[in-house]
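> Sequence below, structure please.
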Amino acid sequence: MKITWFAAMTFRIHIGGRIVVTHAEEAPDGIDPTELIAGAQTVVSGESPELAGFDPAVWRPRRRTRLIDTDPVDEGPDLFRLGIRGLVADSADEGLLIVEDAARPTQWSRWADNAVVVLSGSGAQCAAHGAALLDAARPRLIALAITDGDIDAAFDALAPELEGASLIVLEPGLAVEV
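Now for the predicted structure:
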């Protein structure tokens with residue numbers, strides 16, 4: 001899995017052999033939206049009603065296709081909308097990826113265990129959202145896409161609560177391999 005953050009909720013994500021771009025229309029100056037979406041199999045924006053809403057009550061992790069299974073199966077990630085601007089990508093090979101706008105409330109629970117979670121927003125919003133996440137679940141990784149430069153406060157608030165999870169801060173335009 002490779003995650004590149006550009007600004008706010010604009011991401012280019014390589015997951016499960018596919019490229020997913022979120023909110024390309026919000027790309028910052030200097031980033032050509034056409035170039036950003038080039039090669040992407042899926043482009044998600046605020047006006048993408050074709051994605052089903054994520055329902056954690058019925059969701060189950062995907063299993064890899066077994067060699068004995070004769071029916072061909074699409075191995076690409078299953079994509080769901082999380083709230084208004086968020087995205088959930090479930091890949092049999094790479095697990096669960098959650099991209100969430102920290103300005104919006106999310107009901108975290110055990111469905112987020114072992115997930116890679118990307119929180120985008122101000123430092124205070126990411127700290128509060130991350131703390132709520134860590135109270136309810138044990139993600140594999142929390143990646144902070146902090147828009148206001150208040151990185152130290154968010155990092156200081158979350159680091160003592162990690163209990164085995166990893167915490168990173170994303171830099172605009174730089175890709176992170178997970």
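> so who does the residue nearest to Trp108 when sequence neighbours are not counted touch?
Nearest in space to Trp108, with sequence neighbours left out and distances taken as Cβ to Cβ, 6 or more residues apart in numbering, is Ala136 at 4.0 Å. C-beta: built from backbone N, CA, C; applies to glycine. Contact partners of Ala136, counting by Cβ atoms under 8 Å, 6 or more residues apart in numbering, are 108-110, 112.
> Just the buried ones from the residues you listed?
Neighbour counting by 16 or more other Cβ atoms under 10 Å classes 108, 112 among those as buried.
> out of the contacts of Ala136, what pair is the most spread apart?
By the measure Cβ to Cβ, Trp108 and Arg110 form the most distant pair in those, at 8.8 Å.
> low-scoring stretches of this structure, by residue?
Filtered on pLDDT under 70, the chain yields the residue ranges 46-48, 66-67, 69-70, 72-74.
> Where is the longest helix in it?
helix 123-136 (DSSP state H).
> Other residues contacting stretch 114-121?
1, 3, 5, 8-9, 11, 95-103, 125-126, 129-130, 133, 137-147, 170, 178.
> Can you point out the helix or strand that includes the residue most central in space within the chain?
The centroid of the chain falls nearest to Val99 when counting by Cα atoms, centre = their mean (2.5 Å). For Val99, the host element (DSSP states H and E) is strand 95-101.
> partners of the next helix or strand after that strand in the sheet?
Going down the chain from strand 95-101, the next helix or strand is strand 116-121, by DSSP H and E. Each strand paired with strand 116-121, and its direction, by DSSP bridges: strand 95-101 (parallel), strand 141-146 (parallel).
> now the angle from the longest one to helix 123-136?
Looking back up the chat, that one is strand 95-101. Interaxial angle, strand 95-101 versus helix 123-136 (axes from the mean of the first three to the mean of the last three Cα atoms, to 10 degrees): 140 degrees.
> show me the contacts for the nearest residue to Leu174 once chain neighbours are set aside.
Of all residues not flanking Leu174 in the chain, Thr4 sits nearest, at 7.0 Å (Cβ to Cβ, 6+ apart). Residues counted as contacts of Thr4 (Cβ under 8 Å, 6+ apart) are 11-13, 173-176.
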